[in-house]
Structure formats: C-alpha cells, structure tokens
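**Student:** Starting from these lines, generate the structure:
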Amino acid sequence: MKLKTKSSAKKRFRFTASGLVKMGQCGKRHNMRKRSNRMLRNARGMTYMHDSDAKKVSSLYIHA
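**Tutor:** The predicted structure follows:
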C-alpha cells in the first residue's frame, strides 16, 4: 500500500535540490507593532530549517 504524504507538511515546506528544507519565517502574522523593524526586515522571504527539525519534516513527507 502506498503511504500518503501529510498535506499540512506539503503546504508549509519545500525541499531544495541539496536536501535542505525551506520554510516561511515565523512571527509575522499579527502584533507587528511590538516587533522591531530590524526583525521584520530580517524575517522576509524564506529560510532554511535546522537539521534536527528537518529530519522530523522529512519523515512526515516520506522524503528520506
């Protein structure tokens, strides 16, 4: 039987060709007044997940 990927992981994460996990930056949904402008600038775009967390994501994705 074929295993399904987790739809939530599919929507939140992407894999690079070298196997890193790309994700959106956190902490930008609301309460922007409390955040510094420096934090908001640095949190633009995508970022790469730490290796220890990426292992969990790849197991959800059945990518490994």
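**Student:** going forward, measure contacts and count neighbours with C-alpha atoms only.
**Tutor:** Fine.
**Student:** Now name the helix or strand holding residue 47.
**Tutor:** Following DSSP states H and E, one finds residue 47 within strand 46-48.
**Student:** which secondary structure elements does that strand contact?
**Tutor:** Applying 3 or more CA pairs under 8 Å, 6 or more residues apart in numbering; DSSP states H and E, one finds that strand 46-48 contacts strand 21-24.
**Student:** What segments of the chain are helices?
**Tutor:** 7-12, 37-42, 51-61 (DSSP state H).
**Student:** ok, the residue nearest to the spatial centre of the chain - contacts?
**Tutor:** Central residue of the chain (CA atoms, centre = their mean): residue 23, 2.4 Å from the mean position. Contacts of residue 23 were listed using CA atoms under 8 Å, 6 or more residues apart in numbering, and they are 12, 13, 14, 46, 47, 48, 49.
**Student:** Quick one: buried ones out of those residues?
**Tutor:** Buried by 16 or more other CA atoms under 10 Å: 13, 14, 48, 49, out of the contacts of residue 23.
**Student:** I'd guessed residue 14 sits against residue 24; true?
**Tutor:** No. Counting by CA atoms under 8 Å, residue 14 sits too far from residue 24 to count as a contact (9.7 Å).
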